[in-house]
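Q: this one's sequence-less:
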């Protein structure tokens, strides 16, 4: 139970940071931001454990950084697929 709660909290943080890193405005909801951030956090933890063996450490910045990179990639893919970019040139 706590794993899900922590993943959502870290996911919210990672999702917001990822949206700040990406250029332009992303017109996506907070729920999608949290979900993509949570997936980024979980994938970051898995990748860092597989690559660096960080699974037994309580606090390590490596999974956070990898999760942030994954969240940026996931939000970029989501925006590219859905085409939900911020206000720009009006389409005619």
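A: In hand now; what should we look at? Keep in mind that what you see is a predicted model, and the values were worked out from it rather than measured.

Q: output the below-cut-off pLDDT ranges for the protein.
A: Residue ranges of the chain with pLDDT under 70: 1, 3, 55-58, 84-92.

Q: could you pull out the helices in it for me?
A: Taking DSSP state H as the criterion, the chain contains helices spanning 2-21, 30-52, 61-82.

Q: contacts for the second one, please.
A: Taking contacts as CB atoms under 8 Å, 6 or more residues apart in numbering, the residues outside helix 30-52 that touch it are 7-8, 10-16, 18-19, 54-55, 60, 62-75, 78. C-beta: built from backbone N, CA, C; applies to glycine.

Q: between that helix and helix 2-21, how many degrees?
A: Helix 30-52 and helix 2-21 are oriented at 100 degrees to each other (axes from the mean of the first three to the mean of the last three CA atoms, to 10 degrees).

Q: buried ones in helix 30-52, by neighbour count?
A: 32-45, 47-49 (16 or more other CB atoms under 10 Å).

Q: residue contacts, residue 63?
A: So residue 63 contacts 41, 44, 45, 47, 48, 49, 54 (CB under 8 Å, 6+ apart).

Q: please repeat the previous calculation with a cut-off of 7 Å.
A: Neighbouring residues of residue 63 by CB atoms under 7 Å, 6 or more residues apart in numbering: 44, 45, 48, 54.

Q: which of these sits closest to residue 23?
A: Distance to residue 23 across the contacts of residue 63 (CB to CB) is lowest for residue 44, with 21.6 Å.

Q: not counting sequence-adjacent ones, nearest residue to the closest one?
A: Closest residue to residue 44 apart from its sequence neighbours, by CB to CB, 6 or more residues apart in numbering: residue 67 at 2.6 Å.

Q: what's the neighbour count on the one you found?
A: As a burial measure, residue 67 scores 29 neighbours (other CB atoms under 10 Å).
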